[in-house]
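Trainee: sequence first, then the predicted structure:
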Amino acid sequence: MYQRIVAQFKFWPYYKIILRTMYFINPWSIWVFVCVPIIGYSVAFQNPNADYFFKSIAIATIMLFIYPGIIYFSSKKNFYDKGKYTGPVVFETTDERMTVTTTSRNISYRWDDACYMMKEFKNWLVLYKKVKNTQIPVEIIPKEAFTPEQLNELKKGLSTQGHLVQKWK
């Protein structure tokens with residue numbers, strides 16, 4: 001299974017997938033990060049107790065604005081300043097490894113050592129690495145770079161990797 005995919009990234013789709021993988025980890029967290037601030041604001045304005053008011057406003061503001069803002073600015077820095085995805089990105093997969101080549105780096109991942117899970121989103125494939133008890137997104141690959149035949153071939157080739165968790169749509 002050898003594939004060579006050349007992809008070009010744009011910032012807003014990149015930011016959306018980073019926000020999705022870092023902020024909205026699962027569908028329930030979307031409700032938590034949207035409903036808790038709304039409840040916090042409504043309770044704060046209904047309760048005149050000043051101490052409780054400021055705590056509720058602070059927690060709601062952090063959850064609704066500050067945390068996504070931090071993710072936005074760090075994503076922007078990673079995208080533009082480090083040059084990680086500004087040029088063409090070449091993904092080469094074989095049976096043993098995946099190699100990612102950009103204008104500023106050349107990294108090779110062995111399927112059995114560094115890769116824990118490959119997850120498919122609507123427009124992206126995300127490769128995760130497991131460090132201790134957390135899953136860290138290592139590489140993101142736009143699905144628009146694949147033809148349907150290439151995507152099916154990649155899925156079939158990765159299904160032979162017994163240790164790799166796959167979450168395909």
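Mentor: Structure's in. What do you need?
Trainee: show me the chain divided up by domain.
Mentor: 3-10+85-167, 14-81 (automatic domain parsing).
Trainee: the ones you listed into a markdown table, with extra columns for mean pLDDT and mean neighbour count?
Mentor: Just so you know, the C-beta spots here come from the backbone N, C-alpha and C atoms, and that holds for glycine as well. A markdown table is the format used below for the domains of the chain (pLDDT from 0 to 100; neighbours: other Cβ atoms under 10 Å):
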| stretch | mean pLDDT | mean neighbour count |
| --- | --- | --- |
| domain 3-10+85-167 | 79 | 15 |
| domain 14-81 | 73 | 14 |
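Trainee: after the helix or strand containing residue 69, which helix or strand is next?
Mentor: Per DSSP states H and E: residue 69 is located in helix 67-76. Going down the chain from helix 67-76, the next helix or strand is strand 89-93, by DSSP H and E.
Trainee: report the strands that pair with that next one, each with its relative direction.
Mentor: Sheet pairing of strand 89-93 (DSSP bridges) gives strand 3-7 (antiparallel), strand 97-101 (antiparallel).
Trainee: so which of the ones you listed gets nearest residue 151?
Mentor: For residue 151, the closest of the strands paired with strand 89-93 is strand 3-7, at 9.7 Å, according to Cβ to Cβ.
Trainee: the strands in the protein, which residues?
Mentor: 3-7, 89-93, 97-101, 106-110, 117-120, 124-131, 134-142, 165-167 (DSSP state E).
Trainee: figure out which of those strands is closest to residue 72.
Mentor: That would be strand 134-142 among those, by Cβ to Cβ, at 16.2 Å.
Trainee: and the contacts of that closest one?
Mentor: 5, 7, 9, 13-14, 17-18, 21-22, 91, 98, 100, 109, 114-117, 123-130 (Cβ atoms under 8 Å, 6 or more residues apart in numbering).
Trainee: adjacent strands (with direction) for that strand?
Mentor: By DSSP bridges, strand 134-142 pairs with strand 124-131 (antiparallel).
Trainee: give the contact list for the closest residue to residue 11 other than its chain neighbours.
Mentor: Once flanking residues are discounted, residue 11 sits nearest to residue 79: 5.3 Å by Cβ to Cβ, 6 or more residues apart in numbering. The contact partners of residue 79, taken as Cβ under 8 Å, 6+ apart, are 9, 11, 14-15, 85-86.
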